[in-house]
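1. okay, here's the prediction I keep looking at, along with the sequence it came from:
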Protein chains: 2
Amino acid sequence: MAFKTDIQIAREASKRPIQEIGEKLGISSADLLPYGHDKAKVSQQFINSVQDRKDGKLILVTAINPTPAGEGKTTTTVGLGDGLNRIGKNAAVCIREASLGPNFGMKGGAAGGGYAQIVPMEEMNLHFTGDFHAITSAHSLLSAMIDNHIYWGNSLEIDTRRVVWRRVVDMNDRALRQITTSLGGVANGFPREAGFDITVASEVMAILCLAKNLEDLQTRLGDMIVAYRRDKSPVFARDIKAHGAMTVLLKDAMQPNIVQTLENNPAFVHGGPFANIAHGCNSVIATTTALKLADYVVTEAGFGADLGAEKFLNIKCRKAGLAPSAVVVVATVRAMKMNGGVAKADLGGENVDAVKNGCANLGRHIENMKSFGVPVVVAINHFVTDTDAEVQAVKDYVASQGSEAVLSRHWELGSEGSADLATKVVETIEANESNFAPIYPDDMGLADKINTIATKIYRADSAQMDQKILNQLKEWEDQGYGNLPVCMAKTQYSFTTDPNERGAPTGFDIPVREVRLSAGAGFVVAICGEIMTMPGLPRVPSAESIGLNDAGEVEGLF
Amino acid sequence: MAFKTDIQIAREASKRPIQEIGEKLGISSADLLPYGHDKAKVSQQFINSVQDRKDGKLILVTAINPTPAGEGKTTTTVGLGDGLNRIGKNAAVCIREASLGPNFGMKGGAAGGGYAQIVPMEEMNLHFTGDFHAITSAHSLLSAMIDNHIYWGNSLEIDTRRVVWRRVVDMNDRALRQITTSLGGVANGFPREAGFDITVASEVMAILCLAKNLEDLQTRLGDMIVAYRRDKSPVFARDIKAHGAMTVLLKDAMQPNIVQTLENNPAFVHGGPFANIAHGCNSVIATTTALKLADYVVTEAGFGADLGAEKFLNIKCRKAGLAPSAVVVVATVRAMKMNGGVAKADLGGENVDAVKNGCANLGRHIENMKSFGVPVVVAINHFVTDTDAEVQAVKDYVASQGSEAVLSRHWELGSEGSADLATKVVETIEANESNFAPIYPDDMGLADKINTIATKIYRADSAQMDQKILNQLKEWEDQGYGNLPVCMAKTQYSFTTDPNERGAPTGFDIPVREVRLSAGAGFVVAICGEIMTMPGLPRVPSAESIGLNDAGEVEGLF
């Protein structure tokens, strides 16, 4: 049996005009700002007008530690959204926007897969509604204004060796990672070392995704630390007087985008911060707006539950006052096998023992999610090669952990395949009150917060921080940043800092290599391992085979 | 009497939904790709479907040499378009898009002024429909792919000292003019000198504005020279295999934008190449599309007629097969006085003699335009301080040159004030057959082409080119580029290379400092003087006072 590719399915989609999709959520066409016929932004005025409404139920989709076998977290998010609509609920999904640059290195990704996708696929992998370009512009303006301030006399007394605000571009360009700027003489300024990150790594992105409204956005932009003086006192973006103009550049980008699933259900696709040095979730404004318009909102977080869901719950939910009603943990039989020690090449053929061995990884994630006080459902994202006995092994294991696992076949069948999952999620929400709370309080010390995540979520013996890092954290506490949450930057492939340690390892430490303060976004980043904020292109970039075909369609992007 | 500012007038505009504006040109809403409610792109499918239609009449609006007094070329373009519609003609205007970056240095500009403007003003000075971001992305992709090619082994044998493809950003950032890239060790590539220009200076911009369709766009992108080998043989963008993916990034940007005048008449606003190192006109595709949809199309070219109109006629019209039916030369009484030797501070009060003295500049432009075989009308863009005697002096002078000058009061009165000008332009077109021809043939040598423009348009004694430049031109001729037109990069303030030489100077030479080949855009650039391709920000950038007011409106941008 031959399956259609994601792009084939996406191109065959019967898209409805975006105004019809908006109507499903009660948004009139006057309140929708269309971008072509299949994309739109929801106007700020409309968002303001619905603030007094009651919120719908929020469902977080997360996953076991990712493996090369693929878990299908976004696919399940979309499938669950369609499934909820199929069983008569008014549901919307909220996911992140894709970064442009990486598509020209490796092939771009669909939003979802099979018959659980969001369209239009091409536009979502290209410029979409321009949000990331707006972020690049706002970031670049601040960069230019900092060097311009130094050029015209540096009255803020910035130490040019301590400019921490880098530049960004939405392209994989390793040549820009480390550069020397302002060469060429007096007219070009004071030479200094600098560098570029990819746009999604910008603190502006994290702020756009955490800001409640334009006023909050502007305040946070002003709060960003861009440099230090010789006495190490911080210089803020507001000192550079860039935050007003940056807000102007971001005013359209702050309005969430809506598109549609293959089944013509509404999908919010907005924001896309890095999931390592930032929190990796779609925007707060998209999620809070969706909750005012739909009875059920299905969203996801980056990476596995140890990183993505932890940040979603401890950072995004804490800061935005959100409380999820349920968490869905996505697992696949194939990924269970890999967590059970099987190599990707050996995944063919039934192997129930390997599945059972890998379930410990899933079990720890279930336990972690429950520790936030939220009921858990496991979704087994069905692959056509899975055998009944393998699926049953996962179900049995999950039942032994006091939860329930549901097989979901949305990839193959769309909402017909996910209706069971949707029904189970609704039942779980109706039967269990969520008592959500972050796992550490605001007033815990920063080092203790890091240690809490390392020991309670990763199950490490401890987080290792040397005196220099502890001093830095103490200094930030003294400066008033002690109440911030922490954002862990760690490999997504393992509970440990070693990407090859699958399953549910114990007896390890989490070494914290560096800490950074994102004062505008409002978190302290703890870096545990190598973090790449500017990817490179591979030897043969996918860009070489991207082009338009005779029908004007994009080829080679997927 | 107090006058309203441009932004006040623009905000009071009674904008019609963009679909209604499209209908005026026979574009159905299915063929319009809306960006919000007041901007849209015209779909490529629709453009393809109208190719067999007859063309309307093309009218070029140009001007005397610009002075600090202001000529109002765009204002007159918009006013003439509205005037033509007022007298019952089906007319559209075509102008350029504004560059984002410079708005954060000096205050941004309206498209037109007074009651002859195009709206929405804010969006046109911010992200608009994302065209320039798409150009930045396409340019950046090629930049990244060049260094990536070198990183992975450099099989094309690029001489890293001779990479001529720079990077771009749409921001005034002098610190990026000259940089060293790929520092930091093996993983970041081979260190080399590089630099950034502002996006409008990108050859991609020039190509987008000259390409007839997507196929032509892709061919031209592939034809760009990005580097040279040690043996000085060129390496093309097509060798890097970037042109297909660049075309994908530009496919939406290639569709022209329509917006509206204050009087709800259609305006195409598309493309914006530099007017010095490039040709400074809106896109060919916007102009040719407008000509299929309107009976009269009014467009403009950058700077004064010696630079802007010359390039419009010798480059854009030649390459796109366009033939203007009339040229309107805009003059103002105030600018005539400045060309007559009066300083800006002394412009108050009637001074008929100064007006008469300055008319020689206007006269030379009229003569130049006629040398292309096109009938000329002079528009006196009325300022409220002009006296009747001053206006009459200009009219008398123009009559003595065998043309006619019409006073136009569109700034103050909208189309009511420009109906006379519109009537005169229509009469002129109907009474005079245009016999347009470029002033030099394709097969003239490159040095002779430069000399022809210098002597026939600027009235210099000669263009001075040293042996090195002559050798370079000869080399390009040998390589097959001899049939290209030349693009002059010179000060816009004077016929000479000295910006202070107003009027109609004689007895000077035009020194050519450097020549560059834009092989994809399809012209040879002759640089005569200092050309800045990356502006800086001033001591107090306008960005410092830009922000949103309580009503969510942009303040400080204008």
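-> Noted; the coordinates are in hand.

2. my read: residue A:189 touches residue A:182, true?
-> Yes - counting by CB atoms under 8 Å, residue A:189 touches residue A:182, with 3.7 Å between them. (C-beta placed from N, C-alpha, C; glycine too.)

3. so what sits against both of the two?
-> By CB atoms under 8 Å, 6 or more residues apart in numbering or on different chains, residue A:189 and residue A:182 have these common neighbours: A:147, B:174, B:175.

4. what distance do you get for the second one to residue B:101?
-> Separation of residue B:174 from residue B:101 (CB to CB, to the nearest Å): 11 Å.

5. please apply the same query to the first one.
-> Using CB to CB, one gets 14 Å for the distance from residue A:147 to residue B:101.

6. so for those two, which residue has more residues nearby?
-> residue A:147 (27 against 23; other CB atoms under 10 Å in any protein chain shown).

7. any idea whether the residue nearest to that one when sequence neighbours are not counted is helix, strand or coil?
-> Nearest residue to residue A:147, sequence neighbours excluded (CB to CB, 6 or more residues apart in numbering or on different chains): residue B:175, at 3.8 Å. Residue B:175 falls in the helix class when you classify it by DSSP: H, G, I helix; E, B strand; the rest coil.

8. now swap in residue A:306 and tell me
-> Classified using three-state DSSP, residue A:306 is helix.

9. tally of neighbours for it?
-> Neighbours of residue A:306 using other CB under 10 Å come to 25.

10. the longest helix along chain A to helix B:131-151, inter-axis angle?
-> Criterion DSSP state H: the longest helix present in chain A is helix A:131-151. Helix A:131-151 runs at 80 degrees relative to helix B:131-151, counting by axes from the mean of the first three to the mean of the last three CA atoms, to 10 degrees.

11. and residue A:103, what are its phi and psi?
-> In this entry, residue A:103 is assigned phi and psi values of phi -60, psi -20 (degrees, to the nearest 10).

12. got a list of what the closest residue to it other than its chain neighbours touches?
-> Distance criterion CB to CB, 6+ apart; nearest residue to residue A:103, sequence neighbours excluded, is residue A:125 at 5.3 Å. Contact analysis of residue A:125 by CB under 8 Å, 6+ apart lists A:98, A:100, A:103, A:108, A:109, A:557, A:558.

13. how much space separates residue A:105 from residue B:245?
-> Taken as CB to CB, the span from residue A:105 to residue B:245 is 11 Å.

14. that should have said residue A:27, apologies.
-> The gap separating residue A:27 from residue B:245 is 35 Å, by CB to CB.

15. who's more crowded, those two?
-> Neighbour count, other CB under 10 Å: between residue A:27 and residue B:245, residue B:245 has more, with 28 against 23.

16. isn't the more buried one up against residue A:546?
-> Yes - the pair residue B:245 / residue A:546 is scored as a contact, 3.9 Å apart, by CB under 8 Å.

17. re earlier: any shared contact partners between residue A:147 and residue B:101?
-> What both residue A:147 and residue B:101 touch, as defined by CB under 8 Å, 6+ apart, is the set residue B:173.

18. so who does the residue nearest the centre of chain A touch?
-> Most central in chain A under CA atoms, centre = their mean is residue A:280, positioned 2.7 Å from the mean C-alpha point. If you count contacts by CB under 8 Å, 6+ apart, residue A:280 has them with A:96, A:273, A:274, A:301, A:302, A:303, A:307, A:308, A:311, A:312.

19. run the last query once more with 7 Å
-> Shown here is residue A:280, whose contacts under the criterion CB atoms under 7 Å, 6 or more residues apart in numbering or on different chains are A:273, A:274, A:301, A:302, A:303, A:308, A:311.

20. how many neighbours does residue A:443 have?
-> 7.

21. oh, that last question was meant for residue A:4, not what I typed.
-> For residue A:4, using other CB under 10 Å, the count is 12.

22. equivalent analysis for residue A:499, please.
-> Residue A:499 has 14 nearby residues by other CB under 10 Å.

23. residues in contact with the spatially closest residue to it that is not a sequence neighbour?
-> Spatial nearest neighbour of residue A:499, excluding adjacent residues (CB to CB, 6+ apart): residue A:493 at 3.9 Å. By CB under 7 Å, 6+ apart, residue A:493 lies in contact with A:65, A:66, A:499.

24. from those residues, pick the one nearest residue A:533.
-> residue A:499 (17.9 Å; CB to CB).

25. and the longest helix of chain A, how far out from the chain middle?
-> 24 Å (CA atoms, centre = their mean, to the nearest Å).

26. now do the buried residues in the helix or strand hosting residue A:517.
-> If you go by DSSP states H and E, residue A:517 is part of strand A:514-518. Residues of strand A:514-518 classed as buried by neighbour count (16 or more other CB atoms under 10 Å in any protein chain shown): A:515, A:516, A:517, A:518.

27. cool, stretch A:29-42 as well?
-> Residues A:31, A:32, A:33, A:34, A:35, A:36, A:37, A:38, A:39, A:40, A:41, A:42 are the ones in stretch A:29-42 that count as buried (16+ other CB under 10 Å).

28. whether it contacts chain B - can you check?
-> Yes - shown here: stretch A:29-42 in contact with chain B (CB under 7 Å from any CB of the partner chain) through A:33, A:34, A:35, A:36, A:37.

29. nice, that's everything, thank you.
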